[in-house]
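Engineer: need a structure here:
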Amino acid sequence: WARRPLPSSAGFVVGHAGLYQALAMFAVAYFIIGMTVLSVCAIATNGALDAGGAYYMISRALGPEFGGSIGIMFWGGNVCGSALYVLGLVEAVVDSFGIPPGQEAGTGVHVLPQSYWYELLYGTVLLALGGVVCLVGASIYAKATFLIFLIVAAVLGTILVSFFATRPLKVPIRLPNSNGTETDNGFFTGFSLNTLRDNLGGKYEVDYTTGQMMSFSSVFAVMFNGCTGIMAGSNMSGDLKRPSYSIPRGTISAVLFTYLVYNLLAFLMCATCNSVSVSRGGILLQKDYGFLRDISIFPPLVTVGIYAATLSAAMSNLIGASRILYALARDDLFGRALALAKKTSASGNPVMAVILSWLVVQVVLFSGKLNTIASVVTIFFLLVYATVNLACLALEWASAPNFRPTFRYFTWHTCLLGIAGCCVMMFLISPVSASASLGFLLLLLLALHYLSPSSTWGYISQALIFHQVRKYLLMLDVRKDHVKFWRPQMLLMVQNPRGSARLIDFVNDLKKSGLYVLGHVELQDLDMLPSDPLQPQQDSWLSLVDKLNVKAFVSLTLAPSVRHGVRQLLFTSGLGGMRPNTLVLGFYDDEAPQDGLARHPAFTSAREEVPLGFPPLRAATTPKLLSAREYVGIVADALKMLRNVLLARQLESLDKAWELRRAASPPPTIHVWPVNLLRPDSARYADTCSLFLLQMACVLNMARAWRRARLRLFLCVEAGTMPHAQEEKLRQLLKDLRIQAQIQLVPWDAITRLHWQTCQGPSGGPAEEEEEEEGVVNFPTNTTQVSDEYVRAANKLVLEQSPAPAVRFLYLPRPPADTSLYPLYLHQLELLTRGLGPTVLVHGVSAVTSTQL
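Structural biologist: Residues are numbered from 1 along each chain as shown. Sure, this is the predicted structure:
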C-alpha cells in the first residue's frame, strides 16, 4: 500500500486523515519538497552537471565524505523504492487477476494463484521487464516514460470526468478475514454537502491490507513516498543534453502539477465518496483502494494507468540507482568495491551498474512487505533532501564569488527551512529509523574521511572556514588585549627542516593554542629570476607540517640576507590580532647539523617520503649563510620590535618520547634559571624577562606530552643575603602565579667572586653604568666585564645540578649596543650553554603573567 499511483494514494490519505489533515499533509510534504527543489535548481544552474544527480551536487558542494555517504544512502533509497513500486504493482495485479483466498480455482479473469512465492515470481518478472528497458539505455527509457505519461494523463482526465459523469452507485467491497473474504458496501454519492461534511475530520483505523493501526505519521509516510519523484530528473543529469536548463523547469513543473492534482482529487473524493456504509460502517475510501475503477466511466483504462504509472516509477528508481552507483564508482570513493560498476556499453550506458542495482532490488523483493520498506525509503529520501538543502546553504553562506546560479529564487532561509522540515518529519515518521539512518550516515562519513583518497573537487568546508575566520579576525581587536588572556604566538625560523624536526615539534608544545608560524628565508633576488621560486616549495613545507602533526602555518620569503628576511616575516606574518609575539631561533654554533628528519617517529614507517623536496644539509666545512654579527643583529631587531626571543640549543638531541615515557622514577624535570647569569650583580627574579621565562616553562609543562615532567626552579643565593626570606618570597610569587615548582637554593658565592675579581675600574663605576642603562635596549658594558672564566664557572654550576633535566630554560641577556661586541656576546652565550644538552635561552619584553581573576 505504500507506493500507490497518485489517485489511489490520495484516496488512502483522505480516507484515514480526512480532508483537513490531508490538505495539511500535502502542504507540509510539498513545503519540504518545494524548499528542496529551490536548492536543487540553484545548484543545478551553477555549473555543468554530470551523472549522479543529487549525489553529484552534494559531493561537489560538500566534498567526498558527505557526497559518498549520502550517495550510498540515496542509491539504497532508490533501490528500495524500486522494490516498493514493484511490490505495489504486484499487489495491484493480484488484486485484479488473483484467485480469491479460500478458492482452489479462479473464475473469469481471476486466474493468478496467490502466495508468497507466486507474488515473488510476479515481482521478478516485472522487475526483469523494467531492467531490460534500463539496460537498453536512457533513450528507450525516455520514450517509454513519455508513453506512460500520456497514459497516466488520460487516466487522470477520465477520473476527473467520472466524478461528474458517474451517477450515485453502490460499490461492493471485498474484505479479507480469517475465513477468507466477506463483502461490504460503500457508496459513491456524487457531489453531496453531507458527504463532504462527513469526510472533513480524520478517522484513523486499521489498514485492511496490513492489519496495522494508522496514524498521522504512518499515513504521511505513505503519502510522502508518492512525492519522492522530484529527484528522477536530476538523477538522469548525465543523460540530459542541457541539465542546467531541463532540471529546474521540469522539476518545478512536476511539483506544481502533482500538488494541484493531489489537492483537487482530495476535494473531489471527500465530496463524492461516503464516509459510513449502511450495513456495518465500512468506509469506502479506507476499505477499497481500487474504488476509482468502480466509479470510472472506462474502468479498464484506470487499471492500465495504475500498472503503467507503477512500472514507470519502478524503472525510474532503478535507472536512477544505476546512475548514482556509476557516479560513485567513477569517483573511486570506495576503491575496488565498486570497480565493476564503472563498465559501460559502447553507447555509454552503465550496464554493470544497472545489473548490480537490479540484483539488489531483487534481494529486497524477498522481504515481500511494503510497510517493511516504506518508512526506511522515506527516511532515506528525507535525509537526501536535507543534505541537498545543506549543500545549497553552505554554498550560499560561504559567499564564494563563483557561486552564481542563474536560478535566483532561493535564499539561505529557504535552505534552512528545508533542512528543518526534513529533520522534523524524519523523527515524526519513525524515530528509530531516523536515528539508525543518521548513525549509518555518521559511520560512512568517518570511514570516507579516513579511507577515501583526496579529491580535486574543492571543499566547501574550506570556504566556510575562510568566511568565518575572516569575520572573527575582524572582531579580534588588538586594542582589547589583556595580559590575563596572553598566549605565545611563535615564529620559528627554519633554514632546513632536516636539521630542525625536533625543534619544530618542541615549539609546537610551547605555543599553548597560540599562533605558530614556520618561517624560512630564501636568499635570492626575484629580479634575476623568471618566476617565484617559493611556490614549488610551498607544498613540501605543508606536507612537512602534516607529517610532523604540528598545528603551524608556513611563511616563506625572498630576501638578500637572512636578517632582512626575518625582519620581513616579523613585520608581515600573521593577520589582525594573530601576529607572532615571540621569535624562536636555533643556536648559532659550529656544530655540524644532523638530519633528524629521518629519525623522527613520523618517518620511521615511511622512509621513502623523508626527502619531501628539501635539499641535503650543509657539510661541516661549508660556510654558513649568515655571520655571527648578523645572527645577533636578528636578536636585537626582534627586541627592538618588542618581540620576545627564544634561542634553542641542542634541541635535536631531545628524545621527547624517551624522556617523557620512561617508567623510571622520579619523573623527568624541567630546570628553570630565572636569573641573568651574565649579570651576577643583578640577580632579580621578578623582572619582566624572568617572569616571561617562568611563563614559558609553565606553558611547556601544561602541554599534554609534558604533564609528567616537574619544574625545578633554581634560586641563586649569596652568603649574608637571608636566603630563606628570598625563598619564601619566591614561593609566594609562584603561589600567586599558580605555578607548581620545586625551589632549590644554589649557593654561588664562588661564582660571583670570580666576577668581582676580574672587574676593572673604580669602585662602584660599573654598577652605576649598568643601573643607568637598565631602561635602555642594550647593556653596553656587560659583555666586557664578564670573563670567560666566570662564564665557564656559571656553566659548570648549571651542569652540576642533578638529576639531568629533559630541558633547561636560561635567562637570555640583551645584546650589547656596540655592534662590534656582537661576536663576544655570542661567544659568551656559547660558553654558558656548552654541554648542557637541550637548552632554551629566553628573553621576554612584555608582561605575560597575571594574578587577577
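
Engineer: now do the buried residues in stretch 836-848.
Structural biologist: By 16 or more other Cβ atoms under 10 Å, the buried positions in stretch 836-848 come out as Leu836, Gly837, Pro838, Thr839, Val840, Leu841, Val842, His843, Gly844, Val845, Val848. C-betas here are computed from N, CA, C, even on glycine.

Engineer: break this structure into its domains for me.
Structural biologist: The record's domain split for the chain, according to the TED database, is 6-103+110-169+216-272+289-451, 487-613+623-649, 655-758+784-852.

Engineer: for the second one, the averaged confidence score.
Structural biologist: Spelled out, it's domain 487-613+623-649. For domain 487-613+623-649, mean pLDDT is 87.

Engineer: still on that earlier bit, want to throw the domains of the chain into TSV with distance to Ala463?
Structural biologist: Shown next, in TSV, are those (distance: least, Cβ to Cβ, whole Å):
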stretch	distance to Ala463
domain 6-103+110-169+216-272+289-451	4
domain 487-613+623-649	18
domain 655-758+784-852	32
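
Engineer: out of these, which comes closest to Asn194?
Structural biologist: Nearest of those to Asn194, taken as Cβ to Cβ: domain 6-103+110-169+216-272+289-451 at 9.9 Å.

Engineer: show the average pLDDT along the closest one.
Structural biologist: 82.

Engineer: verify the stated contact: Gly77 with Val384.
Structural biologist: Yes - counting by Cβ atoms under 8 Å, Gly77 touches Val384, with 6.6 Å between them.

Engineer: neighbour-wise, which of the two wins?
Structural biologist: Counted by other Cβ atoms under 10 Å, Gly77 and Val384 do not tie: Gly77 has more neighbours, with 28 against 24.

Engineer: where's the nearest residue to the more buried one once chain neighbours are set aside relative to Asn317, distance?
Structural biologist: In space, and not counting its chain neighbours, Gly77 is closest to Phe380: 3.3 Å by Cβ to Cβ, 6 or more residues apart in numbering. Separation of Phe380 from Asn317 (Cβ to Cβ, to the nearest Å): 11 Å.

Engineer: neighbour-wise, which of the two wins?
Structural biologist: Asn317 (30 against 27).

Engineer: quick check, the more buried one in contact with Tyr85.
Structural biologist: Yes - between Asn317 and Tyr85 there is a contact under Cβ under 8 Å: 6.5 Å.

Engineer: and the domains of the chain, which is most packed in?
Structural biologist: Burial of the domains of the chain is given as mean neighbour count (mean count of other Cβ atoms under 10 Å); domain 6-103+110-169+216-272+289-451 ranks first at a mean of 20.

Engineer: could you say which helix or strand holds the spatially most central residue of the chain?
Structural biologist: By Cα atoms, centre = their mean, the chain has its centre lying nearest to Ser461, at 6.5 Å. Using DSSP states H and E, Ser461 sits in helix 460-475.

Engineer: contact partners for Cys227?
Structural biologist: Contact analysis of Cys227 by Cβ atoms under 8 Å, 6 or more residues apart in numbering lists Ala29, Tyr30, Ile33, Thr258.

Engineer: closest one of the residues you listed to Leu292?
Structural biologist: Proximity of those to Leu292 (Cβ to Cβ) peaks at Thr258, which lies at 16.7 Å.

Engineer: hang on, that closest one is in a strand, isn't it?
Structural biologist: No - counting by DSSP: H, G, I helix; E, B strand; the rest coil, Thr258 falls outside a strand, being helix.

Engineer: from Ser375, how far out is it?
Structural biologist: The gap separating Thr258 from Ser375 is 21 Å, by Cβ to Cβ.

Engineer: is it true that Asp477 touches Met578?
Structural biologist: No - contact criterion Cβ under 8 Å: Asp477 and Met578 do not qualify, at 11.9 Å.

Engineer: on that earlier part again, quick check, nearest of the contacts of Cys227 to Met528?
Structural biologist: Ile33 (63.2 Å).

Engineer: identify the residue spatially nearest to Ser246, adjacent ones excluded.
Structural biologist: Once flanking residues are discounted, Ser246 sits nearest to Leu240: 5.1 Å by Cβ to Cβ, 6+ apart.

Engineer: pull the contacting residues for Leu754.
Structural biologist: For Leu754, the contact set (Cβ under 8 Å, 6+ apart) comprises Ser787, Glu789, Tyr790, Ala793.

Engineer: so where does it fall, helix or strand?
Structural biologist: Leu754 belongs to helix 749-758 when assigned by DSSP H and E.

Engineer: next: Leu713.
Structural biologist: For Leu713, the host element (DSSP H and E) is strand 710-717.

Engineer: neighbouring strands - and their directions - for that strand?
Structural biologist: Using DSSP bridges, the strands paired with strand 710-717 are strand 669-673 (parallel), strand 742-747 (parallel).

Engineer: out of those strands, which gets the lowest mean score?
Structural biologist: Among those, strand 742-747 scores lowest, at a mean of 87.

Engineer: ok, residues contacting that strand?
Structural biologist: Strand 742-747 is contacted from outside by 710-719, 723, 727, 730-731, 734, 797, 801, using Cβ under 8 Å, 6+ apart.

Engineer: what do you get if the cut-off is 6 Å, keeping everything else the same?
Structural biologist: For strand 742-747, contacts defined as Cβ atoms under 6 Å, 6 or more residues apart in numbering pick out Arg712, Leu713, Phe714, Leu715, Cys716, Val717, Pro723, Glu727.
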